[in-house]
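# sequence first, then the predicted structure, then my questions.
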Amino acid sequence: MTTGQGDLMEKIVGLCKRRGFVFQSAELYGGFRSTYDYGPLGVNMLRNVKNAWWRSMVQLRDDVVGLDAAILSPPAVWEASGHLANFTDPLVDCRQCHSRWRADKLDGPCPTCGSTDFTEARDFNLMFKTHAGPVEDEGAVAYLRPETAQGMFINFTNVVQTTRKRPPFGIAQVGKSFRNEITPQNFVFRTREFEQMEMEFFVPPAESPAWHEYWIAERYRWYLDLGIPQDKLRLRPHGPDELSHYALATSDVEFLFPWGWDELEGIANRTDYDLRHHAEASGERLDYFDQATGERYTPHVIEPAAGATRTMMAFLLAAYDEDEVGGEARTVLRLHHRIAPYQVAVLPLSKKETLEGVAREVLALLQPHFMCDYDVTQSIGRRYRRHDEVGTPWCVTVDFDSLEDRAVTVRDRDTTAQVRVPIDQLLAELRGRTGGV
Ligand code: ATP
């Protein structure tokens, strides 16, 4: 069954709240605009998105290492990186109703009052400024990072010296970033506090175009492998007027959101911009001496920069489906098993103590390997529907026969097919269904 795109957004927002994926932050006090809290299912799913990224970018490679740098940082970092001067959006005010808009995103009259009378565009810096320590003077100014990337650049030498990695190699980081977005919108698509997944890949300068192509292809494939359909995913190279202050070339991975194509990730060739500027500003060397060739050079950097929270939203939108099972309408999230909040639900057919014993044994068998839910309330049909709606790929039902035959029923979310599996083969059966990935 198809769902209208406007409806789809409403349905996802509703499902996220109803089932504990995403709550409006500070809802108790009327809500704090553009900030969200991730509930019991959302936190699992968001963590899965980040883990899937980490697995592909760090765990399965020998040329990328991880980092977790501080969020609070001194002005010197952002002075050198160019963010204090350049990390701005052009801002216009509506002269009629005094609402503020991003000039580059505003296409037509004021969305609030319909006026076309705007002020000239002014640059607005997106960084959150705060003070570290007890005195709120200029010397105490600190910034919340607007991207994770700078942490990798300023730790370049630390990482090279401690890991003995040599270009081409990368440093990956996942974490929160903050931007004082003028028009946060579209649920968790654009928020002031969000999570990024970024990797800086340092290469000999001559190799940078080839590595750029390589990472564009790799990153595009990552979304496809995790179940985003090809017709909802595209690559779009930036035009010369769109490029960031540091980028020589950028391609975006875009997803077909209900409002149209929009960015999930940018893969930029940042050249030696960042290392060069930090070296100049700090007076320290940030280059690499290649002992094999006797050459000293400043590596160029290819950066795939993705948003974890935005990507989670794309996975939810792509997975949403409505179909009919046994003449009844159902909602189903066809999430990849790596991304689903729970991989397995263990469901004793009834609350009878005799069943719970075996069911808890099955739960203990699966918990070390899968994120499991244990659900005893309501009819088995209702429980299947509940798990379809949150994307749980497999339900394992323990019934009265299980006490005799030491077997359980495994139900598949997508086909609803059920098979009987001996408990001592259950782990192998479920592992087989993941296809080893
Ligand atoms: P946009 O043009 O949408 O503001 P950007 O091009 O400035 O994004 P980058 O600086 O390239 O974004 O950041 C990399 C990724 O971080 C983006 O592709 C996006 O997934 C995520 N991201 C950036 N800003 C936000 C935000 N305000 N809310 C949620 N995710 C964000």
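Everything's here; your move. Residues are numbered from 1 along each chain as shown.
# hey, let's count contacts and neighbours off CA atoms from now on
Will do.
# got the residues of the stretch 201-350 of the chain near the ligand?
263, 264, 265, 266, 305, 306, 307, 310 (Cα under 6 Å from any ligand atom).
# among these, which are in helices?
Among those, DSSP state H puts residue 310 in helices.
# around the ligand, pick out the residues from the stretch 51-200 of the chain.
Residues of the stretch 51-200 of the chain lying near the ligand (Cα under 6 Å from any ligand atom): 179, 189, 190, 191, 192, 194, 196.
# spit out the contact partners of the third one.
It stands for residue 190. Contacts for residue 190 were tallied using Cα atoms under 8 Å, 6 or more residues apart in numbering; they are 34, 181, 184, 310.
# just want the residue of the stretch 301-437 of the chain that's nearest the ligand.
Nearest residue of the stretch 301-437 of the chain to the ligand: residue 307, at 3.2 Å (Cα to the nearest ligand atom).
# who does the residue nearest to that residue when sequence neighbours are not counted bridge with?
Of all residues not flanking residue 307 in the chain, residue 196 sits nearest, at 4.3 Å (Cα to Cα, 6 or more residues apart in numbering). Note on residue 196: beta-bridge partners by DSSP bridges are residue 175, residue 307.
# measure residue 196 to residue 37 for me?
Counting by Cα to Cα, to the nearest Å, the gap from residue 196 to residue 37 is 16 Å.
# ok, the closest residue in space to residue 109 that isn't next to it in sequence - contacts?
With Cα to Cα, 6+ apart as the criterion, residue 109 has its nearest non-adjacent residue at 4.7 Å, and that residue is residue 116. Contacts for residue 116 (Cα under 8 Å, 6+ apart) come out as 94, 108, 109, 110.
# OK, contacts around the residue most central in space within the chain?
The residue lying closest to the centre of the chain (Cα atoms, centre = their mean) is residue 308, at 1.3 Å. Residue 308 makes contact with 46, 49, 50, 194, 195, 196, 197, according to Cα under 8 Å, 6+ apart.
# report the separation between the residue nearest to residue 307 and residue 50.
As judged by Cα to Cα, residue 196 and residue 50 stand 9 Å apart.
# verify the stated contact: residue 44 with residue 343.
No. The pair residue 44 / residue 343 is not scored as a contact, 10.4 Å apart, by Cα atoms under 8 Å.
# looking at the two, which has the bigger crowd around it?
residue 343 (24 against 17; other Cα atoms under 10 Å).
# residue 275: neighbour count?
Neighbours of residue 275 under the rule other Cα under 10 Å: 25.
# so which bits of the helix or strand hosting it are buried?
Per DSSP states H and E, residue 275 falls inside helix 273-282. Neighbour counts over helix 273-282 (16 or more other Cα atoms under 10 Å) mark 273, 274, 275, 276, 277, 278, 279 as buried.
# ok, residues contacting that helix?
So helix 273-282 is contacted by 77, 80-81, 150, 153-154, 246, 284-287, 298-300 (Cα under 8 Å, 6+ apart).
# let's see it at 10 Å
76-82, 149-150, 152-154, 156, 245-248, 283-287, 298-301 (Cα atoms under 10 Å, 6 or more residues apart in numbering).
# wait, residue 267 sits on residue 307?
No. With contacts counted by Cα atoms under 10 Å, residue 267 stays clear of residue 307, the gap being 12.0 Å.
# anything in contact with each of these two?
With Cα under 10 Å, 6+ apart as the test, residue 267 and residue 307 both reach residue 198.
# how far off centre is the helix holding residue 275?
Centre-to-centre, helix 273-282 and its host chain are 29 Å apart (Cα atoms, centre = their mean, to the nearest Å).
# model confidence over it, on average?
Taken as a whole, helix 273-282 has an average pLDDT of 97.
# can I get that helix as CSV, trimmed to CA atoms?
Extracted as CSV, the C-alpha positions of helix 273-282 are listed here (Å, rounded to 0.1, in the frame of the first residue of the first chain):
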residue,chain,number,x,y,z
TYR,A,273,43.2,23.6,4.2
ASP,A,274,42.8,22.5,7.8
LEU,A,275,46.2,21.1,8.6
ARG,A,276,47.9,24.1,6.9
HIS,A,277,45.8,26.6,8.8
HIS,A,278,46.3,24.9,12.2
ALA,A,279,50.0,24.6,11.5
GLU,A,280,50.2,28.3,10.7
ALA,A,281,48.1,29.4,13.6
SER,A,282,49.8,27.1,16.2
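# following it, which helix or strand comes up?
strand 288-290.
# which parts of that following strand are buried?
residue 288.
# what's in contact with that strand?
Residues from elsewhere that reach strand 288-290 (Cα under 10 Å, 6+ apart): 156, 157, 160, 166, 167, 202, 204, 295, 296, 297, 298, 299.
# mind running it again at 8 Å?
Residues from elsewhere that reach strand 288-290, judged by Cα under 8 Å, 6+ apart: 166, 295, 296, 297, 298, 299.
# check stretch 56-66 too.
Contacts to stretch 56-66, defined as Cα under 8 Å, 6+ apart, come from residues 165, 168, 169, 170, 171, 172, 173, 201, 222.
# same question for stretch 252-261.
The contact list for stretch 252-261 (Cα under 8 Å, 6+ apart) reads 5-6, 8-9, 219-220, 232-238, 262-267, 314, 317.
# run the last query once more with 6 Å
Residues outside stretch 252-261 that contact it (Cα atoms under 6 Å, 6 or more residues apart in numbering): 5, 232, 233, 234, 235, 236, 262, 263, 264, 265, 266.
# list the buried residues of that stretch.
Buried residues in stretch 252-261, counted by 16+ other Cα under 10 Å: 252, 253, 254, 255, 256, 257.
# the residues you listed in strands, which ones?
Within these, residues falling in strands by DSSP state E are 252, 253, 254, 255, 256, 257.
# make a markdown table from the residues you listed and add pLDDT to it.
A markdown table is the format used below for those (pLDDT from 0 to 100):
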| residue | pLDDT |
| --- | --- |
| 252 | 98 |
| 253 | 98 |
| 254 | 98 |
| 255 | 98 |
| 256 | 98 |
| 257 | 97 |
